[in-house]
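Trainee: need a structure here:
(chains A and B)
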Amino acid sequence: NAGVTQTPKFQVLKTGQSMTLQCAQDMNHNSMYWYRQDPGMGLRLIYYSASEGTTDKGEVPNGYNVSRLNKREFSLRLESAAPSQTSVYFCASTMGLAATDTQYFGPGTRLTVL
Amino acid sequence: AQSVTQLGSHVSVSEGALVLLRCNYSSSVPPYLFWYVQYPNQGLQLLLKYTSAATLVKGINGFEAEFKKSETSFHLTKPSAHMSDAAEYFCAVSDDQSGGGADGLTFGKGTHLIIQP
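Mentor: Numbers count the residues shown, from 1 in each chain, chains lettered A, B, ... in the order given. Got it, this is the predicted structure:
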């Protein structure tokens, strides 16, 4: 089991460029999440998908879109990147939506927007 | 609404000394509490979680945490620090009102643990 995988590991963009961050999990989990991590801020939820075919906004969704392609894959798209989106992005998954469910995290994508 | 406060953005201890990382929570309903560890350039890994069974929770790598409702705390401890414990540690909270969705996990800002040889 690879767990949660993310591609790419690193990316540098210029302001206004677009890109898609990919995430896949092989644990047959139903729910998937995208977080961003900024120094001194902890993790903040961008979007989540409770199940295949559904997506919902989290705490900081502006400037992002998501697609739950199938049960395994959940992508995050930046349509027009801005320097404020320089961050480390983590994908996570859980079996369900119970408050006690453990979230399993990918290794992260380090994005720099110039 | 729920929130987590981690006291100390950086904590430094000597190898072999006690590790104590502090976490206080705020929740209007009984909370569920988590500690995650992040090693350099890696994702987060669950250390332990409190789900209202035993108040003293044992996790991986010799860590444990005690839920104290009267103090609204869930501090993380390890009796003897090892160099491999150097990492970023995050406390997180959820509750039955939020489930695992948009408000599912609220993270603290993290504590960087430094181990001195």
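Trainee: Can you pull the residues of chain A lying near chain B?
Mentor: Applying Cβ under 8 Å from any Cβ of the partner chain, we find that chain A lies next to chain B at A:4, A:31, A:40-45, A:48, A:50, A:56-59, A:90, A:92, A:94, A:96-108. Placement of C-beta: from N, CA and C, glycine included.
Trainee: try 7 Å this time
Mentor: Those residues of chain A that sit near chain B, judged by Cβ under 7 Å from any Cβ of the partner chain, are A:31, A:40-43, A:45, A:48, A:50, A:56-58, A:90, A:94, A:96-103, A:105-108.
Trainee: which among those residues end up buried?
Mentor: Buried subset of the residues of chain A next to chain B (neighbour count, 16 or more other Cβ atoms under 10 Å in any protein chain shown): A:31, A:42-43, A:45, A:48, A:50, A:58, A:90, A:94, A:97-101, A:103, A:105-108.
Trainee: Wait, B:Phe63 touches B:Leu46, no?
Mentor: No - taking Cβ atoms under 7 Å as the definition, B:Phe63 is not a contact partner of B:Leu46, at 10.8 Å.
Trainee: other SSEs contacting the helix or strand hosting B:Val4?
Mentor: In the assignment (DSSP states H and E), B:Val4 maps to strand B:3-7. Counting contacts by 3 or more Cβ pairs under 7 Å, 6 or more residues apart in numbering or on different chains; DSSP states H and E, strand B:3-7 is packed against strand B:19-26, strand B:87-95, strand B:106-107.
Trainee: tell me which residues in stretch B:79-93 are buried?
Mentor: B:Ala81, B:Asp85, B:Ala86, B:Ala87, B:Glu88, B:Tyr89, B:Phe90, B:Cys91, B:Ala92, B:Val93.
Trainee: near chain A, which of these show up?
Mentor: Within the buried residues of stretch B:79-93, those near chain A by Cβ under 7 Å from any Cβ are B:Phe90.
Trainee: What values do phi and psi take at A:Gly63?
Mentor: A:Gly63 adopts backbone torsions of phi 90, psi 0, taken as degrees, to the nearest 10.
Trainee: Would you enumerate the residues in contact with the nearest residue to it once chain neighbours are set aside?
Mentor: Residue nearest to A:Gly63 in three dimensions, not counting chain neighbours: A:Gln85, with 6.1 Å by Cβ to Cβ, 6 or more residues apart in numbering or on different chains. Contact analysis of A:Gln85 by Cβ atoms under 7 Å, 6 or more residues apart in numbering or on different chains lists A:Gly63, A:Leu78, A:Leu111, A:Val113.
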